[in-house]
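K.L.:
Kindly generate the corresponding structure for this input.
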Amino acid sequence: MFKKILIANRGEIACRVIATARKLGIKTVAVYSDADAEARHVKLADEAIRLGPPAPRESYLRSDLILAIAKQTGAEAIHPGYGFLSENADFATACMEAGVVFIGPPASAISAMGSKSAAKTLMETASVPLVPGYHGDKQDLALLQREADKMGYPVLIKASAGGGGKGMKIVEKSADFTAQLASAQREAQSSFGDARVLIEKYLTKPRHIEIQVFADTHGDAVYLFERDCSVQRRHQKVLEEAPAPGMTTERRVEMGTAAVNAAKAIGYVGAGTVEFIFDTLTGAFYFMEMNTRLQVEHPVTEMITGQDLVEWQLRVASGESLPLKQHELKIHGHAFEARVYAEDPARDFLPQIGHLLHLRQPAENAHVRVDTGVESGDEISPWYDPMIAKLIVWDESRERALDRLAHALSEYEVVGLDTNLAFLRQLASHPAFAACELDTGFIARHHAVLIPPTPPVGTDTLAMAALAELAQVEAHNLTMRQRSSEPASPWWEADGWRLNQDNRHALHFRAGDQEYAVIAHYADTGYLLEIGNEKLDANGSLHGQQLRTVINGHRLQATVVRDGSRLTVVCNGTNTELDAFNPLLVGLQAAEATGGLNAPMPGTVVTVHVKVGDMVEKDTPLVILEAMKMEHTILAPQAGTVKEVFFEKGEQVTEGAALLEITPAIEAATITQ
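P.N.:
Here you go, the predicted model:
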């Protein structure tokens, strides 16, 4: 076994590998960019060496520098995690030539599966079933259009060199093919340095089922059963489970055998995942791709098998045989993994950046596990994937495991930026999901329920916000009294006393474009709160960020996080953001400008579709931004005339930057008259 390994990655996967290495008594070397200098994986490792600036190409993709650090620190092997260099055949070769073990498959296996087109040709030879499609090397537009037209729409365009939803587009009709192809090729080039694509018939109601395989250097290979990854947004997985609901023993053996055959066909070694599309209408399954690395969702397999797949990786890479034979592997119970992301589901899951002002995770035990690379106070930067954590739960049955998931999600608290936690809670409690009505269109089909409009702020929440504000006033006055030379002065009283008026305090909050007033009358046992037409007897105590209240005899607890004038009330797993304000100052605030279109996040301008003077209709594509390796199209919010364009193709923009200005059609008509 190795004495020391280098982990050429960051975030939760680096922390995950460190945990197993520590269990086996293996020293670890972390590498980090400037953006990750204080990251959790840096703190956990035995050693940590700086790579360079935040951009991946200047840090985590610097294979030469990573190998030099491995030599410098005496690391015998490199674990690449997933992403970055994990499926880079040249890096695997460079490790071998440098005498450092690459904890992954041989370069030849990575190359064989690195091109989706070549992999499908190889799988066809190995008698692994394939989806009808075009997987050839010729990439001229006319040919690709003919192939798509021939197989019939809808079709799926996919980047040949990668996955993760990047370079992937669904085309519903022939007229849209050219534009969607160009977008897919740009994303593929940006993400993988390879613009080639393949085209497949798009199955309208498929499930995404993948098989975990493992092979050693002694010619043995096994499958560790399947995972269902059908619940996806933008072709990226959101929630995974194992085993797959409804999977029969016969079909499991059939798919597992096909996956092992695929691995053996390329001389595979280590952990790999063979992904299949399962047609729910016919029961047929088709090879989609093979990921030649450890998957993000590997923990659900670990939970149902009781195996540590990172330990298996280390043992196989050091030359040992597989720890278990196929007949020794058993499924026990059911597991779910929910990916907690910094993203805004209401805005098409737009990635978010910012500081984690507050982070509280569910308590870990035999049923609940949290894999994370961040801590409270850390920053989610624009440089890397915005994942906060992976929440994994297990129980004896799917029903009980789903209950565990819903409860754990209700205990998760994140404040500082938008997350998908509320969306995940809706998903975990959805009747159709509980009934195993799964396919890759699940989220789109149930979008209205999973991502409902933001409701008005509830009375209890407003009461809790008011009690938190009042508790802060009392704490402030107590501190001032203790510091004062005249502690008996009535100025330090917090009873709201007023000459010739009742003792009360008026509080004002804003949520979105709604304003709320809470009038607090001081009473012997707490407060009488007036909120609209309701009157509530309430009292509360604030200890740090923890608020304990009694409202009309109902005991409630909440977390209240303050950031300037903004309060975030977290109660029963729901975040409510409120801005406390003084209505007397509202008139002094500048009025918002209209007609401007701002960048929703930092990025690069890929295309500007319009110029000054152009007339556009509502939803006309105006600008394409690339951020976090994905393209985001900015659409016209209304009909009008382009008044000004502030950026050109290739320029960098910051979040909130004005991209262009449109004169609305009604306003333009008025000016003309």
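K.L.:
Restricting to C-alpha, output the helix or strand encompassing Phe336 in CSV.
P.N.:
Phe336 is part of strand 334-341 when elements are defined by DSSP states H and E. Presented in CSV, the C-alpha positions along strand 334-341 are these (Å, rounded to 0.1, in the frame of the first residue of the first chain):
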residue,chain,number,x,y,z
HIS,A,334,-31.8,1.7,-0.3
ALA,A,335,-29.9,5.0,-0.6
PHE,A,336,-30.4,8.5,-2.0
GLU,A,337,-28.0,11.2,-2.8
ALA,A,338,-29.1,14.8,-3.2
ARG,A,339,-26.7,17.3,-4.6
VAL,A,340,-27.0,20.6,-2.7
TYR,A,341,-26.0,23.4,-5.1
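K.L.:
Strand partners (parallel or antiparallel) of that strand?
P.N.:
Sheet neighbours of strand 334-341, with direction, are listed as strand 236-242 (antiparallel), strand 387-395 (antiparallel) (DSSP bridges).
K.L.:
Next secondary structure after it?
P.N.:
Strand 334-341 is succeeded, C-terminally, by strand 343-344 (DSSP H and E).
K.L.:
can you list the residues that contact that next one?
P.N.:
Contacts of strand 343-344 from elsewhere in the structure, counted by CB atoms under 8 Å, 6 or more residues apart in numbering, are 349-352, 386, 418-420. C-beta coordinates here come from the backbone N, C-alpha and C atoms, glycine included.
K.L.:
from the chain's centre, how far out does the strand holding Phe336 sit?
P.N.:
Going by CA atoms, centre = their mean, to the nearest Å, the spacing between the C-alpha centre of strand 334-341 and its chain's C-alpha centre is 11 Å.
K.L.:
Now do the helices in the stretch 451-600 of the chain.
P.N.:
Counting by DSSP state H, counting those that start in this stretch, residue ranges of the helices within the stretch 451-600 of the chain are 459-483.
K.L.:
Low-confidence ranges, this structure, go.
P.N.:
Regions of the chain meeting the criterion pLDDT under 70 cover residues 164, 476-503, 584-596, 628-630, 666-673.
K.L.:
Where is the longest strand in it?
P.N.:
Ranked by number of residues, the top strand in the chain under DSSP state E is strand 221-233.
K.L.:
partners of it, with directions?
P.N.:
Under the rule (DSSP bridges), strand 221-233 has strand 206-215 (antiparallel), strand 236-242 (antiparallel) as partners.
K.L.:
any residues touching the helix or strand just after the last one, and which ones?
P.N.:
Read in the C-terminal direction, the helix or strand following strand 236-242 is helix 249-265, with elements assigned using DSSP H and E. Helix 249-265 is touched from outside by 122-123, 125-129, 209, 211, 213, 215, 221-223, 225-226, 243, 272, 274, 276, 283, 285, 287, 290, with contacts defined as CB under 8 Å, 6+ apart.
K.L.:
Measure how helix 249-265 sits relative to strand 221-233, angle-wise.
P.N.:
Helix 249-265 runs at 110 degrees relative to strand 221-233, counting by axes from the mean of the first three to the mean of the last three CA atoms, to 10 degrees.
K.L.:
got the CA coordinates for helix 249-265 in PDB?
P.N.:
The C-alpha coordinates for helix 249-265 follow below in PDB (Å, rounded to 0.1, in the frame of the first residue of the first chain):
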ATOM      1  CA  THR A 249     -32.800  -9.600 -10.900                       C
ATOM      2  CA  GLU A 250     -32.600 -10.800 -14.500                       C
ATOM      3  CA  ARG A 251     -32.300  -7.300 -15.900                       C
ATOM      4  CA  ARG A 252     -29.700  -6.300 -13.300                       C
ATOM      5  CA  VAL A 253     -27.600  -9.300 -14.300                       C
ATOM      6  CA  GLU A 254     -28.100  -8.500 -18.000                       C
ATOM      7  CA  MET A 255     -27.000  -4.900 -17.600                       C
ATOM      8  CA  GLY A 256     -24.200  -5.700 -15.100                       C
ATOM      9  CA  THR A 257     -22.800  -8.300 -17.500                       C
ATOM     10  CA  ALA A 258     -22.900  -5.800 -20.400                       C
ATOM     11  CA  ALA A 259     -21.100  -3.200 -18.300                       C
ATOM     12  CA  VAL A 260     -18.300  -5.700 -17.300                       C
ATOM     13  CA  ASN A 261     -18.000  -6.700 -20.900                       C
ATOM     14  CA  ALA A 262     -17.600  -3.100 -21.900                       C
ATOM     15  CA  ALA A 263     -14.800  -2.700 -19.200                       C
ATOM     16  CA  LYS A 264     -13.000  -5.800 -20.300                       C
ATOM     17  CA  ALA A 265     -13.200  -4.800 -24.000                       C
END
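K.L.:
list the buried ones in that helix?
P.N.:
Going by neighbour count (16 or more other CB atoms under 10 Å), the buried part of helix 249-265 is 251-252, 255-256, 258-263, 265.
K.L.:
next one: stretch 449-468
P.N.:
Residues of stretch 449-468 classed as buried by neighbour count (16+ other CB under 10 Å): 450-451, 457, 459-468.
K.L.:
Show me the strands in the stretch 51-200 of the chain, by range?
P.N.:
Counting by DSSP state E, counting those that start in this stretch, residue ranges of the strands within the stretch 51-200 of the chain are 77-79, 101-102, 133-134, 155-159, 169-171, 197-201.
K.L.:
Residues contacting the last one, please?
P.N.:
With contacts defined as CB under 8 Å, 6+ apart, strand 197-201 is touched by 116-117, 120, 131-135, 139, 144, 147-148, 151-152, 155-160, 167, 181, 184-185, 188.
K.L.:
related to what we said a few turns ago, how about the strands paired with strand 334-341 in a markdown table, adding mean neighbour count?
P.N.:
As requested, the strands paired with strand 334-341 are arranged in a markdown table below (neighbours: other CB atoms under 10 Å):
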| stretch | mean neighbour count |
| --- | --- |
| strand 236-242 | 25 |
| strand 387-395 | 24 |
